[in-house]
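>>> Have a look; sequence and predicted model below, questions after that.
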Amino acid sequence: MAKKRTAQVSACFIILLVAVFLFYPVYFLDDWVGGTLLWKSNEAFLFSGWSGLGNHYTPFMLSVAYIPAYFGAVAPPDNLANSTTVFRITPESLKKYVIRGVGFRAYIPSGDTVYAWDGGPLWKWSIDHFERATADEEKKIIHEPGRRILPETQDFSDLHGWSARHNLSSWPARSEIDLNEKPVIFLMTLQKYDR
C-alpha cells in the first residue's frame with residue numbers, strides 16, 4: 001500500500017513538473033531611457049524617450065529558443081512600448097508633456113520649430129503634441145540637398161541659433177545654459193533601481 005501511495009505522489013509530482021515546463025510563463029523585460037536637450041536664446045526643449053520591450057516564454061519554449069539564438073536568430077519582442085516626455089523650458093516657466101506610443105531617433109531644430117524623426121515620416125512639435133510635418137517641410141528637412149540629419153549622439157553649439165546635448169548620462173552632474181541671459185541649471189543624478 002505504501003509503495004502504491006509513493007508511486008501516486010511521484011506521478012502527480014512529475015505531471016506537475018511537466019505542466020509547469022510546458023505552460024508556466026516566464027517573462028523577460030528590458031528598457032532604455034535617453035534624452036536630447038535642444039535650446040536657443042529664449043527657450044529649451046528636453047526630449048526624454050523611454051522604450052520597453054519584453055518576451056514571454058514557457059520553460060520549454062525558452063529551451064527550444066536557445067537553438068536558433070545560438071546561430072544569431074533571435075525572436076522579436078512580444079510586447080513593445082515607448083513614450084516621450086517633453087519639457088519646454090523658458091525663463092518664466094517649465095511645462096511637461098507625456099506622449100505615449102511615440103519614440104524618435106533624432107530631433108532636428110529648424111527656425112522656430114523642432115522636428116522629430118524615427119526613420120519614417122517627419123513629425124514636428126506643436127505646442128503640446130507631435131503632428132505630421134507637411135510634405136514641403138519633409139522635403140526641406142529630410143531631402144534638401146546638402147542638409148543631413150545629425151546623429152542623435154552629435155552635440156552642437158549655435159547651429160542656426162540652436163544648440164544640442166545628447167546622451168544625458170554623459171552630462172556633467174551640473175550643467176548650465178542661458179535663456180534670455182538667465183541661467184537654467186540642470187542637476188543630473190543617476191539611480192539604479194531593483195526591478
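That came through, no problem.
>>> which stretches of the chain form strands?
26-39, 44-57, 79-89, 94-100, 106-110, 113-117, 122-126, 129-132, 156-159, 162-166, 174-179, 182-187 (DSSP state E).
>>> Specify which residues of this protein, grouped into ranges, have pLDDT under the cut-off.
1, 143-153, 168-169, 190-195 (pLDDT under 70).
>>> Distance of residue 127 relative to residue 88?
9 Å (Cβ to Cβ, to the nearest Å). To be clear about C-beta, it is placed using only N, CA and C from the backbone, and glycine gets the same treatment.
>>> ditto for residue 45
Residue 45 is 6 Å from residue 88, by Cβ to Cβ.
>>> for this structure, which helix is longest?
Using DSSP state H to assign secondary structure, the helix with the most residues in the chain is helix 2-23.
>>> if we can go back for a sec, could the strands of the chain be laid out in JSON lines, adding mean neighbour count and distance to residue 64?
Formatted as JSON lines, those follow (neighbours: other Cβ atoms under 10 Å; distance: least, Cβ to Cβ, whole Å):
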{"stretch": "strand 26-39", "mean neighbour count": "15", "distance to residue 64": "13"}
{"stretch": "strand 44-57", "mean neighbour count": "18", "distance to residue 64": "9"}
{"stretch": "strand 79-89", "mean neighbour count": "16", "distance to residue 64": "20"}
{"stretch": "strand 94-100", "mean neighbour count": "12", "distance to residue 64": "34"}
{"stretch": "strand 106-110", "mean neighbour count": "20", "distance to residue 64": "38"}
{"stretch": "strand 113-117", "mean neighbour count": "20", "distance to residue 64": "38"}
{"stretch": "strand 122-126", "mean neighbour count": "19", "distance to residue 64": "40"}
{"stretch": "strand 129-132", "mean neighbour count": "13", "distance to residue 64": "40"}
{"stretch": "strand 156-159", "mean neighbour count": "10", "distance to residue 64": "48"}
{"stretch": "strand 162-166", "mean neighbour count": "19", "distance to residue 64": "40"}
{"stretch": "strand 174-179", "mean neighbour count": "13", "distance to residue 64": "48"}
{"stretch": "strand 182-187", "mean neighbour count": "12", "distance to residue 64": "47"}
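>>> Nothing else from me, thank you.
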